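Asker: Task: produce atomic coordinates for the following.
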Amino acid sequence: ARPGSRMARAEPPTATFERRVLRSAAEHHYLRVRLELSDGGARPNVAQFKQLVVSALRELHGEVGAALPVDVLTYEEKTLSAILRVVSSGLVKLWSALTLLGFYQNRRCAFRVLQTSPFLLALAGNSRELVLD
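Answerer: Model (predicted):
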């Protein structure tokens, strides 16, 4: 720089913001579901419950949907509640198939998805069902 000349000050770099949306890297998703039947008839056992889930997938998504790997991890015949495991890429297919199912053995029925999480432990306790003395 020449004597007497003012040195141009370098401006600090302007802040840039980048928005990142990270998809869950989890391999599986877990759903806590409950089957609601219109009357007090026969309740499905675990094999029939699994078959109902597979038939719901087949009805909405065809044979490709029926081939989706879904596992029934727990099932309570008394409350018709279950925890299902599905590969994360199939979560939307399973959820939509369960939501749109309307009949079981010619009786009205509805699946309620109570909770979903990529972590099985998150389904272990539900604060909405907590009973305080």
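
Asker: Packing partners of whichever helix or strand Ala97 is part of?
Answerer: In this structure, Ala97 is located in helix 91-100 according to DSSP states H and E. Counting contacts by 3 or more Cβ pairs under 8 Å, 6 or more residues apart in numbering; DSSP states H and E, helix 91-100 packs against strand 28-37, helix 46-66, strand 107-117. Just so you know, the C-beta spots here come from the backbone N, C-alpha and C atoms, and that holds for glycine as well.

Asker: Most tightly packed of the ones you listed?
Answerer: strand 28-37 (a mean of 19; mean count of other Cβ atoms under 10 Å).

Asker: is it possible to export the helices and strands packed on helix 91-100 to CSV including mean pLDDT and distance to Leu84?
Answerer: Below are those laid out as CSV (pLDDT from 0 to 100; distance: least, Cβ to Cβ, whole Å):
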stretch, mean pLDDT, distance to Leu84
strand 28-37, 96, 5
helix 46-66, 95, 7
strand 107-117, 94, 9
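
Asker: Skip the chain neighbours and tell me the closest residue to the residue most central in space within the chain.
Answerer: When Cα atoms, centre = their mean is applied to the chain, the residue found nearest the centroid is Thr116 (4.2 Å). Take Thr116 and drop its neighbours on the chain: the residue closest to it by Cβ to Cβ, 6 or more residues apart in numbering is Leu31, 4.8 Å away.

Asker: next one: Ser81
Answerer: Nearest non-adjacent residue to Ser81 (Cβ to Cβ, 6+ apart): Arg34, at 4.7 Å.

Asker: What's the local residue count around Pro118?
Answerer: 14 (other Cβ atoms under 10 Å).

Asker: ok, now how distant is the residue nearest to Thr116 from Gln115?
Answerer: 7 Å (Cβ to Cβ, to the nearest Å).

Asker: likewise His29?
Answerer: In terms of Cβ to Cβ, His29 sits 11 Å off from Gln115.

Asker: what do these two both touch?
Answerer: Here His29 and Gln115 have no joint contacts, going by Cβ atoms under 8 Å, 6 or more residues apart in numbering.

Asker: quick one: contacts for Leu114?
Answerer: Contacts of Leu114 by Cβ under 8 Å, 6+ apart are Arg32, Val33, Arg34, Ser81, Asn126.
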